[in-house]
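A.B. asks: give me a model of this one.
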Amino acid sequence: MYHRRGWMRGRGTRCGVAVFIVAVLLVIPGAAPSGGPAALAVGTVRLTPCADSGWCGSVPVPLDRTRPDSPTINVGFTWFPARSGNPQGTIVAIEGGPGYPTTGDSSRTQYQAMLGPLQESRNLLLYDLRGTGRSQALNCPELTAYPGQASGPVFAQVVGACGEKLNDTWKYSDGTPVRAADLFGTANAARDLDTVLHRLDLAEVDLYGDSYGSWFAQAFASRYPAALRSVVLDATYEVVGLDPWYTSTITTARSAFDLACQRSPACTRPHTWSVIEELADRLRTAPATGTAPGLNGRAVTVTVTVTTLVDIINNAASDPGIYQALGAAAQAAVSGDDQPLLRLAAQSITPGESLPEDYSRGLYFAVACTDYPQLFSTASGPEQRQGQLARSIGQEPSGAFAPFRVPEWLAVDAYTNAYDACLDWPVPTHPADPPITAPPVVSPAVPVLILGGDLDLLTPPQGGRHVAAQIGPSARFIEIAGVTHVTAMPDTRWPALNACGAFLYRRFIDDPKALAQLDISCSRTTPPIPTLSSYPFTLNEASPALPAPGDQSSPTTLRAAHIAASAVADAITRSHYLTGQTDTGLRGGTWTYTTGTPTTTFTLNSVGWVSDATVNGAATWNQDTGTVSATLTVNPAGGPLTTIHATWNTLDTRTPATIHGNAGGKTLNATLPVP
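C.D. replies: The predicted structure follows:
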């Protein structure tokens, strides 16, 4: 599953092989803590200071554990001792992807924020699975730089070439090559962690895994239960009995988009999914093409096909911004206005290269093509697999992914689901090494908290429920309303959404054996995503703000107030996606922002939220409190200049925004749903 990170983790990660490069473990230099030692011994491992204020270390492990003459690879990690100096235990965190390093800057920051006060009393071990980050990140350059849609026969050939390079990179002591394409799976990664824990002399750790990290955590817990005090599976899916079609994604999407709108006071569209179905029919025969603001502040040319729509829907799993915008953009597009859809596609579909140590695309396929169930037999040669895949497709009901046809859905980016990407991956040469060999999935002696968001399309709640049932009474699944993929790690774009997940995580770690009594009331009260009702093309199409009792403002003035607040809210949302600090308004004009601590300031210059009015002014947003305060003027074509002062709170989307101002000498007092 794709994770467009900083925020995405899943069965894969969006991320296209001439020469395979092994990135050796990096021990990042850094000054020792003031007055502290230049090295630290934990167990039998010597650690050195990292640039991130932690301690870096590595342990050599056999690449091929089936042969005594195997070469070794280094698996790396970062260690953060309990701040109190009196640790009550150790938390081990495992990142998803597969392919993301747990020690990466973004992940590290999120894990530490998730722990919060637990950092005082508990050590934190951020461990990079083999082939990621500091654990000799796999690098297939052509895969990294692949420019097209990450699916189809050409892409499968590039993926296969990466696997062949893996088979020709290392040598046994006798000089013969290690056929390593099937040696980076989850079982070997679990053995590596067990080795590291023994070297660090750690016992009864609290293991946290998110997305693919939860897949890994299940595999580790099934093999090494004695090493664990507790397990948290955040945004999990089944290791045992996983559906290779992943049909739960589309079945969840059909209700999730409607649910997001129904919860939002700003959304009045009763049947969001039906509009998306209309859009799919339209794009099948008439793709949308045009220019839209790119994430670097410059216009880009965008084409939206039915395949693009499939990718956008799948990306909603980890991006609340798609839930916020897609229904309204679909409605605009089927009505003849493509601009919101083009901009959303440019925002959501953002292919680009990444350093292998930041995200290893080679490792993603080394896991996906080894461990994940496929629609063909990986034991067969590539020449047989294509026929097997075709037969599987022919047997799948034609409406399984409606409104999309089966081939349309299977063209999804392979970093979401690798339906055809492993067709050319090398045939395994080592004995089968499944992540879990036999029940139980987790020992009944180990408490297991399973968290899932009900808007998560990558690892939908039904997967979490299945895993809980497989584990038995020692596990508890908690579904959190209004949350997308990964519930406990904070998301800076939508900070209110993950507060409950972090709260539940901390309370569980305090006393895992009290899991059955854990207070889960917050799971039903997450502030809704402020889902848009529409993208008005003209001022007259905008919904008016609700006038306060006695207010005599005209409908035009009330509509002007709404578009002014909407322009600011749009800038706040967009600021989290941009690569710079300047953007173009949806329908013209420009805006900029400057970030402070904790307040961000936005300046709007003739921004067009609609085509026949412009918005100017400034707004501040306090990211800690969520408070937005904006002073704006709206200049409608042929209408009176409207001046407004608006306030609302992004952490409390149920409380309406308040509007005060004047137009044509008349006082304006109104409210509107948080835009």
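
A.B. asks: quick one: contacts for A330?
C.D. replies: For A330, the contacting residues are 272, 275-276, 278-279, 341, by Cβ atoms under 8 Å, 6 or more residues apart in numbering. To be clear about C-beta, it is placed using only N, CA and C from the backbone, and glycine gets the same treatment.

A.B. asks: my guess is it is in a strand, correct?
C.D. replies: No - per DSSP: H, G, I helix; E, B strand; the rest coil, A330 lies outside any strand segment and is helix.

A.B. asks: buried residues, stretch 437-454. List them.
C.D. replies: Across stretch 437-454, burial judged by 16 or more other Cβ atoms under 10 Å covers 440-443, 446-454.

A.B. asks: contact partners of stretch 106-126?
C.D. replies: Contacts with stretch 106-126, where a contact means Cβ under 8 Å, 6+ apart, come from 5-6, 52, 54, 77-84, 86-93, 95, 100-103, 200, 202, 205-206, 208, 488-490, 502, 505-506, 509.

A.B. asks: go again with 6 Å.
C.D. replies: Identification of contacts with stretch 106-126 by Cβ atoms under 6 Å, 6 or more residues apart in numbering yields 6, 52, 77-84, 87-93, 95, 102-103, 488-490, 502, 506, 509.

A.B. asks: ok, stretch 441-452 next?
C.D. replies: By Cβ under 6 Å, 6+ apart, the surrounding residues in contact with stretch 441-452 are 218, 221-222, 225, 228, 230-234, 236, 461, 464, 467-468, 470-472, 474-475, 477-479, 487, 501, 508, 512, 515.

A.B. asks: buried subset of the residues you listed, written for PyMOL?
C.D. replies: Buried subset of the contacts of stretch 441-452, written as a PyMOL selection, criterion 16+ other Cβ under 10 Å:
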select buried, resi 218+221+222+228+230+231+232+233+234+236+461+464+467+468+470+471+474+475+477+478+479+487+501+508+512+515
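
A.B. asks: return the distance of A567 relative to N605.
C.D. replies: Look at A567 and N605: by Cβ to Cβ, to the nearest Å, they are 11 Å apart.

A.B. asks: show me which of these two is the more surrounded one.
C.D. replies: Per other Cβ atoms under 10 Å, whichever of A567 and N605 has more neighbours is A567, with 30 against 13.

A.B. asks: I figured that one hits V607, correct?
C.D. replies: Yes - using Cβ atoms under 6 Å, A567 is in contact with V607, at 4.9 Å.

A.B. asks: coming back round to it: so which of the contacts of stretch 106-126 sit within strands?
C.D. replies: Here DSSP state E is the test, and the contacts of stretch 106-126 give 77-80, 90-93 as lying in strands.

A.B. asks: may I see the residues you listed organised as TSV, with pLDDT, neighbour count and distance to R405 added?
C.D. replies: Listed next are the ones in strands among the contacts of stretch 106-126 as TSV, based on pLDDT from 0 to 100; neighbours: other Cβ atoms under 10 Å; distance: Cβ to Cβ, whole Å:
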residue	pLDDT	neighbour count	distance to R405
F77	98	29	45
T78	98	27	46
W79	98	20	50
F80	98	22	49
T90	98	23	50
I91	98	25	45
V92	98	26	43
A93	98	28	40
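
A.B. asks: so for whichever strand or helix holds L341, what's the average pLDDT?
C.D. replies: Assessed by DSSP states H and E, L341 sits inside helix 339-348. Averaged over helix 339-348, pLDDT sits at 97.

A.B. asks: let's verify the residue nearest to I520 when sequence neighbours are not counted: helix, strand, or coil?
C.D. replies: Distance criterion Cβ to Cβ, 6 or more residues apart in numbering; nearest residue to I520, sequence neighbours excluded, is I478 at 5.3 Å. At I478 the chain is in strand, as set by three-state DSSP.

A.B. asks: what bridges to I478?
C.D. replies: On the basis of DSSP bridges, I478 is bridged to L451.

A.B. asks: residue contacts, it?
C.D. replies: 451, 520, 523.

A.B. asks: from the buried residues of stretch 437-454, which has minimum pLDDT?
C.D. replies: Lowest pLDDT of those: P440, 85.

A.B. asks: measure that one to A475 for me?
C.D. replies: Distance of P440 to A475, given as Cβ to Cβ: 10 Å.

A.B. asks: and the strands in the stretch 1-150 of the chain?
C.D. replies: Remark: strands assigned in the stretch 1-150 of the chain by DSSP state E, counting those that start in this stretch are 21-22, 40-42, 45-49, 55-62, 72-80, 90-94, 123-127, 138-139.

A.B. asks: will you turn these into JSON lines that also has distance to Q388?
C.D. replies: JSON lines is the format used below for the strands of the stretch 1-150 of the chain (distance: least, Cβ to Cβ, whole Å):
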{"stretch": "strand 21-22", "distance to Q388": "32"}
{"stretch": "strand 40-42", "distance to Q388": "48"}
{"stretch": "strand 45-49", "distance to Q388": "46"}
{"stretch": "strand 55-62", "distance to Q388": "33"}
{"stretch": "strand 72-80", "distance to Q388": "33"}
{"stretch": "strand 90-94", "distance to Q388": "33"}
{"stretch": "strand 123-127", "distance to Q388": "36"}
{"stretch": "strand 138-139", "distance to Q388": "27"}
